[in-house]
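In: Predicted coordinates and the sequence they were generated for:
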Amino acid sequence: MTITANTIITAAALLAAVIAIAKYYNRVYDLVKHQQEQDKAVQAVRSDHDRDVKAIKTEQTIIVYGILACLKGLKEQGCDGPVTDAAETLEKHLNLAAHDQI
C-alpha cells in the first residue's frame, strides 16, 4: 500500500468530517442538557410560587374574618351607616367566594 497525496487528503477530509460531526453532537447534547436543567429550575420556581400563593390566601382569609369580626363588634357598640354597609358587603363577598361565584 502506497501513501499518496490523494490518500492523505482523503484521510484528512474524513477526520475533519468526524470531528465536525462530534462537535455538532456535543453542542446539541449540551443544549438539551441545559434545557433540562432550566425545566427543573422552572418547576422548582412554580412549586415555590404555588406554596406561597396558598400561604397568602390562607393569611388573607384570616385577615378578612378578623376585619368582619371588628365590623360586627363596632355594629354591636352602636356604630351604624358605613359599618353596617361594609359588614354586609363583606359577608356577601365571603358567601359568593365560598360558592366560587366571583
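Out: Yes, it's here.
In: Could I get the average pLDDT for the strand or helix carrying I8?
Out: Secondary structure assignment for I8, by DSSP states H and E: helix 5-76. For helix 5-76, the mean per-residue pLDDT is 96.
In: which other helices and strands contact it?
Out: Packing partners of helix 5-76 (3 or more CB pairs under 8 Å, 6 or more residues apart in numbering; DSSP states H and E): helix 82-98. Bear in mind the C-beta positions are built from the backbone N, C-alpha and C, glycine included.
In: Restrict the helix it packs on to CA atoms and write it as PDB.
Out: In PDB, the C-alpha atoms belonging to helix 82-98 read as follows (Å, rounded to 0.1, in the frame of the first residue of the first chain):
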ATOM      1  CA  PRO A  82     -70.700  52.600  56.800                       C
ATOM      2  CA  VAL A  83     -70.000  49.900  59.300                       C
ATOM      3  CA  THR A  84     -73.300  48.100  58.600                       C
ATOM      4  CA  ASP A  85     -72.800  48.500  54.800                       C
ATOM      5  CA  ALA A  86     -69.200  47.300  55.000                       C
ATOM      6  CA  ALA A  87     -70.100  44.200  57.100                       C
ATOM      7  CA  GLU A  88     -73.000  43.300  54.800                       C
ATOM      8  CA  THR A  89     -70.800  43.800  51.700                       C
ATOM      9  CA  LEU A  90     -68.000  41.700  53.200                       C
ATOM     10  CA  GLU A  91     -70.500  38.900  54.200                       C
ATOM     11  CA  LYS A  92     -71.900  38.900  50.700                       C
ATOM     12  CA  HIS A  93     -68.500  38.600  49.200                       C
ATOM     13  CA  LEU A  94     -67.500  35.800  51.600                       C
ATOM     14  CA  ASN A  95     -70.700  33.900  50.700                       C
ATOM     15  CA  LEU A  96     -70.100  34.300  47.000                       C
ATOM     16  CA  ALA A  97     -66.400  33.300  47.400                       C
ATOM     17  CA  ALA A  98     -67.400  30.200  49.400                       C
END
